[in-house]
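Asker: A structural model of the following input is requested.
(chains A, B, C and D)
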Number of protein chains: 2
Amino acid sequence: MSNSSLKSIAKKLSLSESTVSRALNDYKDISQSTKKLVNETVVELGYQPNIFARRLASGNPECLGFVIPWRDGQLNDPFLGELMTGMSTALTKIGWDLTVLVAKSFENEVELFKKLSMSKNLSGLIISRTLRNDERFKILTDLKIPFVAHGRSINCSNSSWLDVDNERAFFDMTKHFVSLGHRKIAHICGPNVYNFSIQRIEGWKKALLESGIQINSEFLQVADLSFDGGKIAMDKLLKLKDLPTAVSCVSDTVAMGAMQSMRNHNLSPGKEISLMGYDGLELGAWIDPPLSTMTQPIQTVGKNLAEMLVNLVDGKKKPSDLQKLVRANILRRGTDNSPMTIS
Amino acid sequence: MSNSSLKSIAKKLSLSESTVSRALNDYKDISQSTKKLVNETVVELGYQPNIFARRLASGNPECLGFVIPWRDGQLNDPFLGELMTGMSTALTKIGWDLTVLVAKSFENEVELFKKLSMSKNLSGLIISRTLRNDERFKILTDLKIPFVAHGRSINCSNSSWLDVDNERAFFDMTKHFVSLGHRKIAHICGPNVYNFSIQRIEGWKKALLESGIQINSEFLQVADLSFDGGKIAMDKLLKLKDLPTAVSCVSDTVAMGAMQSMRNHNLSPGKEISLMGYDGLELGAWIDPPLSTMTQPIQTVGKNLAEMLVNLVDGKKKPSDLQKLVRANILRRGTDNSPMTIS
DNA sequence: TTTGACTCCGAAAGCGTTTTCGTCAAAGAT
DNA sequence: ATCTTTGACGAAAACGCTTTCGGAGTCAAA
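Answerer: The predicted structure follows:
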């Protein structure tokens, strides 16, 4: 049971508790031989330190908080589990904990931050669902709460973040359509409150420009990040005189809405019009035809987020030194094909 | 900042720390007047107790662990977020924390349990994805770790659990098909290692019997809990001479696989053959035709799970007193219709 | 007046670590 | 041979709270 403590180890080795403690924490003023002895006794006795005592004494909570992105009563992020799995595995390695926090609204989230900054229960925070102009960056910085954001914002240059290279992803996607022979490539983007919406549009535009294709403003449709949003946006695209032959969608969900719209117009997704989503949702493979998309290594992302935050908390790095861009990869499943008639 | 401590309150009120502490913890030997005073000063100073000190002194970690159901590298539970949101909201009310744990395999999970039982870092555990014969019930009981299971098992009578009334759900679903005029109702069930597989079969059977419909053993197909599993199972059903007019599927995922199979056979889901899934996945609404299913109030479930575990930890109740069955509701979306030709 | 019960509070000993500081012997420098 | 450095460890305070115990005060009953 929890019988083993520092004291028991000290007694067994005829050492003082402080020596044992420092041996475990790898202090330089402890000889290698005693360190070895201590470590052996630790496994022998199955010693588990009392984390609360340690956290009290050291002042380091050794605990990261993940703010679950709960907004307007909606939450069904299929990545959540994988993301947290990544974080958790990274943290358990070093004996830290991951606790989850829920913010039901923006105000609620700010209030949460303030409480945390007072209680010092958490070493740092991981936030997600960043907006184009996300006030949380400033608030957390002012409150001196170490944090790393999953996603960027307009004012994140002095903060720590990890994001997908959205621009690159949609550049790649669009280029991929071009290489398949498409020239009339539309883009259904998300609301511009989200930073990634802008970035993804940018990638789409750049690829078109680089391919010598003029940008048709009618080919850019804004959509809510939902099934219905995608459907409505595609409805609009299908009203155009000159239809696109490929559509790059801001998310898989939106793409599935777009597919629904196409079916309503008696069009087969991937035939008359190709399309791709983004997110790599597994369920995209379950529909007919299976949706092509772009994936990112979510679990690695979670691991990286946690590791970055730990470095931040340890004070080894400044926030601005901890910024990371990961890359998304094309996953061809069925809805990206060559145009039926090369124009 | 974290300047305020028990001491500061005590000093301000000319009381001893111990009195303040007991006032906050609502001891009976503190007068109402001082309790009031203390509570006022608490809000005035914005006092936040140091949870680590409290947990160290009291011996109660005030912290629940949720074991993320990670198996064979697969994890995409869309409920996870909502479930944890429910738990977290219930816990924050009483100042407890929710930390997540990941078990990469069964062995890994058991090892985790053992460590926890030694370190006493957590007050209790919430486990999920219970099997028909789930060893974890015995292991956790033996280790004296308080826990509540999300889902039942064959040997859970002395433990605390919360589960959907699976039998009832599939009874209702099947009855619903009957009321639509169906008589030839098949069931695609899950692997029998899962407890709910058995229960759902049971519900299907009972409804048929109660409706005076003889059970056709060919109408029961086992499937892996995956898209492909559903597809394969439906392939088999479609090979029968006498086709079913309705199919009750163990999960939405399986149902979507079944739909794929139907399309491959030039059948329209919901026309020649009706079908329903289970889980209430939102994405079921995004496909064509939208999948009818059964839903449960996931967030409430999470809240209940947490509350049950807190009661268990507090020792107010015995595990066997904390068992709860919740009900799932039919959600008609499009694939449940009357048979084309009433037989 | 004494006794007892009851109310309210303070003193103090923990809880199990970390961390600073001091000590002491042995090794090195002068 | 003396002085200083270095290496390795122990003593003890601190972290901020909980909880037991005892004691002072009040009031009513004996």
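
Asker: C-alpha from now on. contacts and neighbour counts both.
Answerer: Will do.

Asker: Could you pull out the buried residues of the stretch of helix or strand A:Asn311 belongs to?
Answerer: Element membership for A:Asn311, per DSSP states H and E: helix A:298-313. When burial is assessed from 16 or more other Cα atoms under 10 Å in any protein chain shown, helix A:298-313 yields the following buried residues: A:298-310, A:312-313.

Asker: which parts of stretch A:27-42 are buried?
Answerer: Using 16+ other Cα under 10 Å as the test for burial, stretch A:27-42 gives A:35, A:38-39, A:41-42.

Asker: I meant stretch A:321-330, not that one.
Answerer: So for stretch A:321-330, counting by 16+ other Cα under 10 Å, buried means A:322-324, A:328-330.

Asker: Is it possible to get a markdown table of those residues that adds pLDDT?
Answerer: A markdown table is the format used below for the buried residues of stretch A:321-330 (pLDDT from 0 to 100):
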| residue | pLDDT |
| --- | --- |
| A:Leu322 | 96 |
| A:Gln323 | 97 |
| A:Lys324 | 96 |
| A:Ala328 | 96 |
| A:Asn329 | 97 |
| A:Ile330 | 98 |
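
Asker: which of those residues sit farthest apart?
Answerer: A:Leu322 and A:Ile330 (26.4 Å; Cα to Cα).

Asker: ok, now how distant is A:Pro319 from A:Ile145?
Answerer: A:Pro319 sits 11 Å away from A:Ile145, going by Cα to Cα, to the nearest Å.

Asker: So which residues on the stretch 51-200 of chain A come close to DNA strand D?
Answerer: Within the stretch 51-200 of chain A, the positions adjacent to DNA strand D are A:53, A:56-58 by Cα under 7 Å from any atom of the strand.

Asker: can you rerun that using 10 Å?
Answerer: Proximity of the stretch 51-200 of chain A to DNA strand D, by Cα under 10 Å from any atom of the strand, involves residues A:52-59, A:119-120.

Asker: so which of these comes closest to B:Val102?
Answerer: A:Phe52 (21.1 Å).

Asker: residue contacts, the closest one?
Answerer: B:52-53, B:55-56, B:121 (Cα atoms under 8 Å, 6 or more residues apart in numbering or on different chains).

Asker: same thing with A:Gln214?
Answerer: The contact partners of A:Gln214, by Cα under 8 Å, 6+ apart, come to A:Leu208.

Asker: Disregarding flanking residues, what is the spatial nearest neighbour of the residue nearest the centre of chain A?
Answerer: Using Cα atoms, centre = their mean, the residue of chain A that lies closest to the mean C-alpha position is A:His150, 4.5 Å off. Once flanking residues are discounted, A:His150 sits nearest to A:Ser128: 4.6 Å by Cα to Cα, 6 or more residues apart in numbering or on different chains.

Asker: and what of A:Asp26?
Answerer: In space, and not counting its chain neighbours, A:Asp26 is closest to A:Lys35: 7.6 Å by Cα to Cα, 6+ apart.

Asker: now for the helix or strand hosting that neighbour, which elements pack on it?
Answerer: Applying DSSP H and E as the criterion places A:Lys35 in helix A:32-45. Packing partners of helix A:32-45 (3 or more Cα pairs under 8 Å, 6 or more residues apart in numbering or on different chains; DSSP states H and E): helix A:6-13, helix A:17-24.

Asker: Contacts for it next, please.
Answerer: A:4, A:9, A:13, A:20, A:23-24, A:26.

Asker: Quick one: name whatever helix or strand follows it.
Answerer: Following helix A:32-45 toward the C-terminus (DSSP H and E): helix A:51-58.

Asker: Downstream of that following helix, the next helix or strand is which one?
Answerer: According to DSSP H and E, the helix or strand after helix A:51-58 is strand A:63-68.

Asker: CA atoms only for whichever helix or strand comes after that following strand - export them in PDB, please.
Answerer: On the C-terminal side of strand A:63-68, the closest following helix or strand by DSSP H and E is helix A:80-93. Only the C-alpha atoms of helix A:80-93 are listed here, as PDB (Å, rounded to 0.1, in the frame of the first residue of the first chain):
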ATOM      1  CA  LEU A  80     -10.600  15.100 -28.700                       C
ATOM      2  CA  GLY A  81      -9.800  11.600 -27.600                       C
ATOM      3  CA  GLU A  82      -6.800  11.200 -29.700                       C
ATOM      4  CA  LEU A  83      -5.500  14.600 -28.900                       C
ATOM      5  CA  MET A  84      -5.800  14.000 -25.200                       C
ATOM      6  CA  THR A  85      -4.300  10.600 -25.600                       C
ATOM      7  CA  GLY A  86      -1.200  12.200 -27.100                       C
ATOM      8  CA  MET A  87      -1.000  14.800 -24.300                       C
ATOM      9  CA  SER A  88      -1.500  12.200 -21.600                       C
ATOM     10  CA  THR A  89       1.100   9.800 -22.900                       C
ATOM     11  CA  ALA A  90       3.600  12.700 -23.100                       C
ATOM     12  CA  LEU A  91       2.800  13.800 -19.500                       C
ATOM     13  CA  THR A  92       2.700  10.400 -17.800                       C
ATOM     14  CA  LYS A  93       6.300   9.900 -18.900                       C
END
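
Asker: For helix A:80-93, give the mean pLDDT please.
Answerer: For helix A:80-93, mean pLDDT rounds to 92.

Asker: That one close to DNA strand C?
Answerer: No. On the criterion Cα under 10 Å from any atom of the strand, helix A:80-93 is out of touch with DNA strand C, staying 15.6 Å away.

Asker: quick one: the helix or strand just after that helix to helix A:298-313, angle?
Answerer: Downstream of helix A:80-93, the next assigned helix or strand under DSSP H and E is strand A:97-102. Put simply, strand A:97-102 runs at 100 degrees to helix A:298-313, going by axes from the mean of the first three to the mean of the last three Cα atoms, to 10 degrees.

Asker: which other helices and strands contact strand A:97-102?
Answerer: By 3+ Cα pairs under 8 Å, 6+ apart, strand A:97-102 packs against strand A:63-68, helix A:80-93, helix B:80-93, strand B:97-102.
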